[in-house]
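Engineer: Got a predicted structure here, sequence first:
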Amino acid sequence: MTRSVLVTGGNRGIGLAIARELQAAGDAVAITYRSGEPPEGFFAVQCDVTSMAEVDAAFAKIEAEQGPVQIVVANAGVTKDTLLALMSEETFTSVIDTNLTGAFRVAKRAVKGMMKLRKGRIILISSVVGLSGSGGQANYAASKSGMVGLARSLARELGSRNITANVVAPGFVNTDMTAVLDEKLQETIKQNIPLKRQAEPEEIAKAVRFLASDDAAYITGAVIPVDGGLGMGH
Ligand code: NDP
């Protein structure tokens, strides 16, 4: 049976790769986008995850189009990197608001429908730096480690309803987010990756497809690294 899927920030980068991968697996895939024109081929709804009202409205449209969301991928995220001494409170809280509270808003709204279905998959896209930390990314790393606590709490709360909650922690992925980094820094990061290269977004998407599949029915509260070994040791 076709499953109803939502990927936030599915208009580009890792989110778009996830949307394509799940669509190829036979799912009905809706995406949210915040700005610009969404890619063709998906049911696309404009939604800023910093607004509960927008998240709620997006879910209502998606439910009307393809039924209650069975698999939700909270992927939308931002970076605003700077050293702590230079980081304003707004720079800290705005990243938390998008990445962590945004995932909370999306999961909270998704669970409403999943409880009725008595099944569901919540997949949060965190980051290797959520566990390792990262100089210049106190806001981002805090938001990403917060997603681990969020997912694991949901795994405990909702397991009895046949709803799983898992985290995918990508490493250094070839998207707009990393393309803006200084070339020398990119080279240094690559040298620290055992596999000595960036991931392509599709490589993250395959882990998400697995977590969304029947094969992953007994996996909940897990943090799956897809990072070429960059973060191993946790
Ligand atoms: P991109 O910068 O390419 O895409 C970010 C996506 O998030 C876009 O779709 C963007 O929408 C959306 N977005 C940002 N803010 C909001 C918001 N307030 N409301 C709704 N949507 C929003 O990033 P990636 O594809 O690289 O990253 C995707 C996820 O993977 C992020 O959570 C990121 O932290 C994580 N990640 C990325 C890594 C990497 O190396 N690239 C490594 C580890 C984790 P719009 O197009 O409108 O801006």
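Structural biologist: Yep, it's here. Numbers count the residues shown, from 1 in each chain.
Engineer: how about the residue lying closest to residue 170 once chain neighbours are set aside, what does it touch?
Structural biologist: Nearest non-adjacent residue to residue 170, counting by Cβ to Cβ, 6 or more residues apart in numbering: residue 204, 4.8 Å away. Glycine gets a C-beta too; all of them are placed from N, C-alpha and C. Residue 204 makes contacts with 14, 17-18, 125, 168, 170, 173, 226, as judged by Cβ atoms under 8 Å, 6 or more residues apart in numbering.
Engineer: Please report how far residue 204 lies from the ligand.
Structural biologist: Distance of residue 204 to the ligand, computed by Cβ to the nearest ligand atom, to the nearest Å: 7 Å.
Engineer: pretty sure that residue belongs to a helix, no?
Structural biologist: Yes: assessed by DSSP: H, G, I helix; E, B strand; the rest coil, residue 204 belongs to a helix.
Engineer: what pLDDT does residue 234 get?
Structural biologist: Here the pLDDT value assigned to residue 234 is 76.
Engineer: Next, the contact list for it, please.
Structural biologist: With Cβ under 8 Å, 6+ apart, residue 234 has these contacts: 131-132, 223.
Engineer: and if we set it to 10 Å?
Structural biologist: 128, 130-132, 169, 223, 225 (Cβ atoms under 10 Å, 6 or more residues apart in numbering).
Engineer: Check residue 32 too.
Structural biologist: By Cβ under 10 Å, 6+ apart, residue 32 lies in contact with 6-11, 15, 38, 42, 44-49, 54-55, 58-59, 61-62, 75-76, 106.
Engineer: and the residues you listed, which are buried?
Structural biologist: Buried members of those, counted by 16 or more other Cβ atoms under 10 Å: 6-11, 15, 38, 42, 44-45, 47-49, 54-55, 58-59, 61-62, 75-76, 106.
Engineer: Within reach of the ligand, which of those are there?
Structural biologist: Counting by Cβ under 6 Å from any ligand atom, 8-9, 11, 15, 48-49, 75-76 from the buried ones among the contacts of residue 32 sit close to the ligand.
Engineer: what separates the host helix or strand of residue 32 from the chain centre, distance-wise?
Structural biologist: Assigned by DSSP states H and E, residue 32 belongs to strand 28-33. Put simply, strand 28-33 sits 13 Å off its chain's centre (Cα atoms, centre = their mean, to the nearest Å).
Engineer: Which members of the buried ones among the contacts of residue 32 occur in strands, if any?
Structural biologist: Of the positions in the buried ones among the contacts of residue 32, 6-7, 44-45 sit in strands, assigned by DSSP state E.
Engineer: Next, the contact list for the closest residue to residue 31 other than its chain neighbours, please.
Structural biologist: Spatial nearest neighbour of residue 31, excluding adjacent residues (Cβ to Cβ, 6+ apart): residue 10 at 2.7 Å. Residue 10 sits next to 16-20, 22, 29-33, 38-39, 42, 44-45, 73, 75-76 when contact means Cβ under 10 Å, 6+ apart.
Engineer: how does it look with 8 Å?
Structural biologist: Each residue near residue 10 by Cβ under 8 Å, 6+ apart is listed here: 16, 18-19, 29-33, 38, 42, 44, 73, 75.
Engineer: in those residues, which two residues are the furthest apart from each other?
Structural biologist: By the measure Cβ to Cβ, 38 and 73 form the most distant pair in the contacts of residue 10, at 15.7 Å.
Engineer: which one of the contacts of residue 234 sits closest to the ligand?
Structural biologist: Distance to the ligand across the contacts of residue 234 (Cβ to the nearest ligand atom) is lowest for residue 128, with 6.3 Å.
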